[in-house]
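A.B. asks: I would like the atomic coordinates for the input below:
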Amino acid sequence: MLTIWTYTLARFRGQVLGWGACLCLMALLSVARSEIILENRGQIRQLVQGSGGKMIAMFADLDKLTSPERILSLSFFAYMPLILGVFAVPAGCGLLAADEDAGTLDLVLAHPLSRTALFAGRLLAFTTALAAVLALSWLGFAAALGRSSLAVGPAEVALPYVSLFAVLLFFGTLALFLGTLLPSRRSAASAAGLVLVASFFVTTLARLDPGLETLANLSPVSYYQSGEAIRGLNGWWFAGLLAGAGLFAGLAWWRFERRDIRVAGEGAWRWWRRATSTRGPRPCSQTSRRAAAPEAPSASPARRP
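C.D. replies: From the prediction side, this is the model:
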């Protein structure tokens, strides 16, 4: 399993460095934006009294808008599940489905290697890569907060990353499970991405419309604390997200152990295969019958004496 973990993590190195570097730069810029917000507190309070406050209320509490945790939520952490979901969802569903679509997974399993070891090694590599991306992003805050007037230290700003790690792992394992359930990686990524986007917007819109609160309670993003974790991590929410991730990982392992591996290409829905296999042969038209009928050999002309 260690070899699988090392090899899979090496495949993630480009994505880890690219995402980590971009998010580190975004963290530096978010600290700079936070300084601008602190310097213009009065104008911001006037702004939230108008129509612009409704948009801001989707991501932060207006009563404590100028507090450090609210500022960092608004400038960085509030939309991170949606942005980093672009990495977590395709990477999660591609742990097994990508090689299966390419026709190489059956060749890998032809070696003296159990399916459980392959599954555990790749899942551990994905978890490590996700943690590495978040750690590189945290370095941007650690470098910038020392010169900032925000009353937040590097250790405190690490807590929102812990909550972010849990919600991204939840959707990553959901995509992994759908990759073993649906006939292709593309369909699995689309389904998991749809759940992530719907969950994000239901959670944000519920802050404006109280009628959506019941639906928002079913949304995993509702249990992501964003910048609010700076003042204390909610252990129950964190444990619930990890439990959901563990559930989907267990279901993905169970499904992977009992399913047939495609040789190559995308699969098809089982009900569609049944429907097409039960159909009888299509009747040929008169024109197609004539075209399919072999031509009779022409008689050779009799020779003249």
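A.B. asks: all helices of the stretch 101-250 of the chain, in order?
C.D. replies: Secondary structure of the stretch 101-250 of the chain (DSSP state H, counting those that start in this stretch): helices at 105-109, 115-144, 154-181, 185-205, 213-216, 235-258.
A.B. asks: Can you pull the phi and psi angles for residue 152?
C.D. replies: The phi/psi pair for residue 152 (degrees, to the nearest 10) reads phi -140, psi 130.
A.B. asks: tally of neighbours for it?
C.D. replies: 19 (other CB atoms under 10 Å). Where C-beta positions appear, they are placed from N, C-alpha and C, glycine not excepted.
A.B. asks: list the contacts for the nearest residue to it once chain neighbours are set aside?
C.D. replies: Counting by CB to CB, 6 or more residues apart in numbering, residue 68 is the residue found nearest to residue 152 once chain neighbours are left out, at 4.8 Å. Contact analysis of residue 68 by CB atoms under 8 Å, 6 or more residues apart in numbering lists 34, 150, 151, 152, 227, 230.
A.B. asks: What separation do you get for residue 211 and residue 202?
C.D. replies: 11 Å (CB to CB, to the nearest Å).
A.B. asks: Would you quantify the distance from the residue nearest to residue 152 to residue 174?
C.D. replies: Taking CB to CB, one finds residue 68 at 32 Å from residue 174.
A.B. asks: Next: residue 249.
C.D. replies: From residue 249 to residue 174 the distance is 9 Å (CB to CB).
A.B. asks: More neighbours: which of these two?
C.D. replies: residue 174 (27 against 22).
A.B. asks: Could you list the low-pLDDT ranges of the protein?
C.D. replies: Across the chain, the ranges flagged by pLDDT under 70 are 40-66, 264-305.
A.B. asks: Can you pull up the most central residue in it?
C.D. replies: The centre of the chain sits closest to residue 89, judged by CA atoms, centre = their mean, with a distance of 2.1 Å.
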